[in-house]
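1. return a 3D structure for these sequence lines:
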Amino acid sequence: MAKEKLSKLNWFTICLFSFMGGVAWNVENMYFNTFLYNSVYANTTQAAQAGSMAPTTAISRMVALSAIAAVLTTFVMGTLSDKLKNRKAFISIGYILWGIITGLFGFITKENVAALLHLSDDAKILTSTVWVVIIMDVIMTFMGSTSNDAAFNAWVTDITTPKIRPTLETILTVIVFVSAGAVMGVGSFAQAGTVSYMTFFIIVGAVVTFCGVLGLFLIKEPEGRKVEASSSSSYWSDLFYGFRPSSIKANSRLYLTFLSIGFTTISYQVFFPYLLVYLQYVIIPENGGDNFLNKSVIITAVIVVAALLAGLVILLKIASKNKAFCVVPAAILSTIGLLIVSSSTEIHMLLIGIAPAVLGNVILNIQFNASIKDFIPEGKAGLFQGIRMIFVVLIPMVVGPYLGDLACRNSNITYTNEFGVNTIVPSKSMFLYAAIVSVFVLVPLIFLIKKGFNVENSEEQKAEENV
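-> Modelled structure (predicted):
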């Protein structure tokens, strides 16, 4: 049974695995994309690119297939972790293999692929290398989703209560930003060519694997965790548990939360896979190149960070009293911010738009993720992880990047490299598409607010226990 307070060991374990999971996911979501642009598509002829696929299309396909793999994995392995009653093995071994696969990306080059497959045609070499990256990404996703999305998230749900989850989600959100900053700090050297992508991927893979080894000693299964649901029914019955009409009806607030976070995440995924490429090939060149970081930009960035922190504190205080008064302003702020970012490539406008866009997105994710854990019936955490992944990964990472790719190709903005080859790059219009999507979060959110966020004495949970 989850305790009202977490032990220091559990706090440390949660923070460690959240940070390292964030590092691994950010490498995949951010730097595999720049790896395609700066390594796989580098030094290729115009004919080779004409005979292959556009890099934005490659990114869109990679993200979509990764999302499908993530959801299928979470369904199968999340239910299995419930059935076997052993989250620890899934988390630890999964992280070990996750790190190993990440390190192997350092050995993917056009030369190695050409030698392995005995290819000589430039277009076929490029296409094959892109698909090797995509397939390896799917394998890496299987490992990450098994350990992080399925087992780790279920374990965190097992050991926490509604009282501490908002605080926990706030800390986890901070860790997400810290892990992203750490990855960007190291990854920027690979993106700039200071260190090789091989070195970058091997270093990241090694630390993720080491984290998995530590998990064998740190992770403890919660005492008295309820497993009646998973022990009284078959594996296949549990696998499709979340699709039952009776489950949906009995947990209507949970599914409304899934819909809400789904629209929020789709909006985010419209531009996020292309963001670093957009900064490298559009924002920085149009704002003075290497000299873009001047005094006015730094001052603006400091003001933006201060506004973000102040807004975060204010909205979280409001949420502690009434979530409804917090999530609606957050959704509106997110849309306004994206509209500002979509209006200009000037760096000051970009920074100004980032403040409300990020603030709104962070608040929504904190509250929705906490509510998901609250609304999942006790003892069934693993059974609902696959459903959660449909709304936070599958649909967003298929629909979002597709819309982003569509925006980029319609804008038809290109970058000419040192070899005279024109390559499509992301455009500001992707933020407009994201803003349009973000408006739709208000639809399920309104119904959720009417039903209420309070989980104490929940009739839905009582009904679920009788299903």
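2. what helix or strand does residue 256 sit in?
-> Taking DSSP states H and E as the criterion, residue 256 maps to helix 252-271.
3. report the distance from that helix to the chain centre.
-> Relative to the chain's own centre, helix 252-271 is displaced by 12 Å; criterion: C-alpha atoms, centre = their mean, to the nearest Å.
4. list the helices and strands that helix packs on?
-> Identification of packing neighbours for helix 252-271 by 3 or more C-beta pairs under 8 Å, 6 or more residues apart in numbering; DSSP states H and E yields helix 324-342, helix 347-375, helix 381-389, helix 395-411, helix 429-439, helix 442-451, helix 459-465. Where you see a C-beta, it was placed from the backbone N, CA and C, and this is true even at glycine.
5. for the first one, list every residue counted as buried.
-> Neighbour-count burial for helix 324-342, with 16 or more other C-beta atoms under 10 Å as criterion, is recorded at 324, 326-342.
6. any idea how far the nearest residue to residue 363 once chain neighbours are set aside is from residue 269?
-> Residue nearest to residue 363 in three dimensions, not counting chain neighbours: residue 330, with 3.8 Å by C-beta to C-beta, 6 or more residues apart in numbering. Using C-beta to C-beta, to the nearest Å, residue 330 is found at 18 Å from residue 269.
7. where does pLDDT dip in this protein?
-> 1-4, 223-239, 379, 381-383, 417-421, 455-467 (pLDDT under 70).
8. how about the residue of it most remote from its centre: what's its closest non-neighbour residue?
-> Distance to the chain centre peaks in the chain at residue 120, reaching 36.9 Å (criterion: C-alpha atoms, centre = their mean). Among residues not flanking residue 120 along the chain, residue 114 sits closest, at 7.2 Å (C-beta to C-beta, 6+ apart).
9. residue 342 contacts residue 435, doesn't it?
-> Yes - Residue 342 lies in contact with residue 435 (C-beta atoms under 8 Å); the separation is 6.3 Å.
10. what's the closest non-adjacent residue to residue 203?
-> Nearest non-adjacent residue to residue 203 (C-beta to C-beta, 6+ apart): residue 186, at 7.2 Å.
11. how about that neighbour, secondary structure?
-> Three-state assignment for residue 186 (DSSP: H, G, I helix; E, B strand; the rest coil): helix.
12. residues in contact with it?
-> Residues in contact with residue 186 (C-beta atoms under 8 Å, 6 or more residues apart in numbering) are 200, 203-204.
13. same list (those) but as CSV, adding neighbour count.
-> Output for the contacts of residue 186, formatted as CSV (neighbours: other C-beta atoms under 10 Å):
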residue, neighbour count
200, 25
203, 16
204, 27
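14. so what's the backbone phi/psi at residue 109?
-> phi -140, psi 160 (degrees, to the nearest 10).
15. with residue 414 instead?
-> According to degrees, to the nearest 10, residue 414 has phi -120, psi 160.
16. who's in contact with it?
-> By C-beta under 8 Å, 6+ apart, the neighbours of residue 414 are 422-425.
17. go on, residue 294?
-> Taking C-beta under 8 Å, 6+ apart, one finds residue 288 in contact with residue 294.
18. from residue 345, how far off is it?
-> In this view, residue 294 and residue 345 are 16 Å apart by C-beta to C-beta.
19. now do residue 405
-> Residue 405 sits at a distance of 19 Å from residue 345 (criterion: C-beta to C-beta).
20. show me which of the two is the more surrounded one.
-> residue 405 (26 against 17; other C-beta atoms under 10 Å).
21. thought that one was touching residue 58?
-> No - at 9.4 Å, residue 405 and residue 58 do not qualify as touching, with contact defined as C-beta under 8 Å.
22. would residue 301 count as being in a helix?
-> Yes - per three-state DSSP, residue 301 lies within a helix segment.
23. can you get me a residue count around it?
-> Residue 301, neighbours per other C-beta under 10 Å, totals 15.
24. how about the one 4 residues further on?
-> Around residue 305 there are 14 other residues, counting by other C-beta under 10 Å.
25. who's in contact with it?
-> Residue 305 makes contact with no residue, according to C-beta under 8 Å, 6+ apart.
26. mind checking the end-to-end distance for stretch 100-118?
-> 26 Å (C-alpha to C-alpha, to the nearest Å).
27. now do it: distance to the chain's middle.
-> On C-alpha atoms, centre = their mean, the centre of stretch 100-118 falls 25 Å from that of its chain.
28. go through that stretch and flag the buried ones.
-> 100-103, 105-106, 108, 110, 113-114.
29. any idea how far residue 148 is from residue 269?
-> 18 Å.
30. neighbour count winner among those two?
-> Of the pair residue 148 and residue 269, residue 269 is the one with more neighbours under other C-beta under 10 Å, namely 27 against 24.
31. residue 345 touches residue 284, doesn't it?
-> No - between residue 345 and residue 284 no contact is recorded; they are 10.2 Å apart, counting by C-beta under 8 Å.
32. so which other helices or strands are in contact with the stretch of helix or strand residue 203 belongs to?
-> Assigned by DSSP H and E, residue 203 belongs to helix 197-218. Counting contacts by 3+ C-beta pairs under 8 Å, 6+ apart, helix 197-218 is packed against helix 8-26, helix 87-104, helix 165-192.
33. need the contact list for residue 149.
-> Residue 149 makes contact with 70, 73-74, 78, 385, 389, 393, according to C-beta under 8 Å, 6+ apart.
34. among these, which pair sits farthest apart?
-> 78 and 393 (12.5 Å; C-beta to C-beta).
35. neighbour-wise, which of the two wins?
-> residue 78 (30 against 24).
36. doesn't residue 152 make contact with the more buried one?
-> No - using C-beta under 8 Å, residue 78 is not in contact with residue 152, being 10.4 Å away.
37. give me the neighbour count for residue 85.
-> 12.
38. backbone dihedrals for it, please?
-> According to degrees, to the nearest 10, residue 85 has phi 60, psi 40.
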